[in-house]
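Asker: give the three-dimensional model of this entry:
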Amino acid sequence: MGWNSWNYFADKVDDKGIRAAADQLVATGMKDAGYNYVNIDDTWEGERDASGVLHTNAKFPDMKALADYVHSKGLKIGIYSSPGPKTCGGYAGSYGHELQDAQMYASWGFDYLKYDLCSFIGDVMQKQAPNDHAAQMRLMIDAYEKMHQALKSTGRPIVYSYCTY
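Answerer: Now for the predicted structure:
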């Protein structure tokens, strides 16, 4: 169990808010009740550089330090992405960068990934398999499996939560 930033912060989530949420899970006794995850939802993403590395935006200056802070509270931390080229909020998704992103999440110390279908439906499924629901479902399954294998290859245990709509 845990807490996700979207319903409280939506696109206003930032490092300070995530730290405060971690503090509150501990201070209010929610951690002791089993709420162990503090999850950052969409809008943390910046731009990809020429090598394809996804950088954070100004709201999240140091993800490793943030993960270390959350871990210091005895909690786990999660992050968000999409198998599509864009997230629901229009930020860079993991499409074509699955292994690179998985390795980055692991290097930061993340324990959880929420993977939201969003732009994959229109930009990949409907374009590659128009009017073929079965083929679209295979594309979706393949995309989720690709990230599953990427996460697994990092050697870090990362809970993988995917939204299939």
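
Asker: in which helix or strand does the residue most central in space within the chain reside?
Answerer: Centroid check for the chain by Cα atoms, centre = their mean gives residue 80 as the closest residue, at 1.7 Å. According to DSSP states H and E, residue 80 maps onto strand 76-81.

Asker: still on that earlier bit, ok, now how distant is the residue nearest to the centre of the chain from residue 135?
Answerer: The gap separating residue 80 from residue 135 is 27 Å, by Cβ to Cβ, to the nearest Å. Just so you know, the C-beta spots here come from the backbone N, C-alpha and C atoms, and that holds for glycine as well.

Asker: related to what we said a few turns ago, name the next helix or strand downstream of the strand holding residue 80, please.
Answerer: Next along the chain after strand 76-81, taking DSSP H and E as the criterion, comes helix 98-108.

Asker: give me the angle between that following helix and strand 76-81.
Answerer: 150 degrees (axes from the mean of the first three to the mean of the last three Cα atoms, to 10 degrees).

Asker: what ranges do the helices span in the protein?
Answerer: All helices of the chain, identified by DSSP state H, fall at 6-9, 15-27, 63-72, 98-108, 119-120, 126-128, 133-153.

Asker: helices or strands next to the shortest one in the packing?
Answerer: Counting contacts by 3 or more Cβ pairs under 8 Å, 6 or more residues apart in numbering; DSSP states H and E, helix 119-120 is packed against helix 133-153.

Asker: go on, the last one?
Answerer: Where contact means 3+ Cβ pairs under 8 Å, 6+ apart, helix 133-153 is packed against helix 98-108, strand 112-116, helix 119-120, helix 126-128, strand 159-163.

Asker: make it 6 Å
Answerer: Packing partners of helix 133-153 (3 or more Cβ pairs under 6 Å, 6 or more residues apart in numbering; DSSP states H and E): helix 98-108, strand 159-163.

Asker: the ones you listed: lowest mean pLDDT?
Answerer: Looking over those, mean pLDDT reaches its minimum on strand 159-163, with a mean of 94.

Asker: and that one, which strands flank it?
Answerer: strand 112-116 (parallel) (DSSP bridges).
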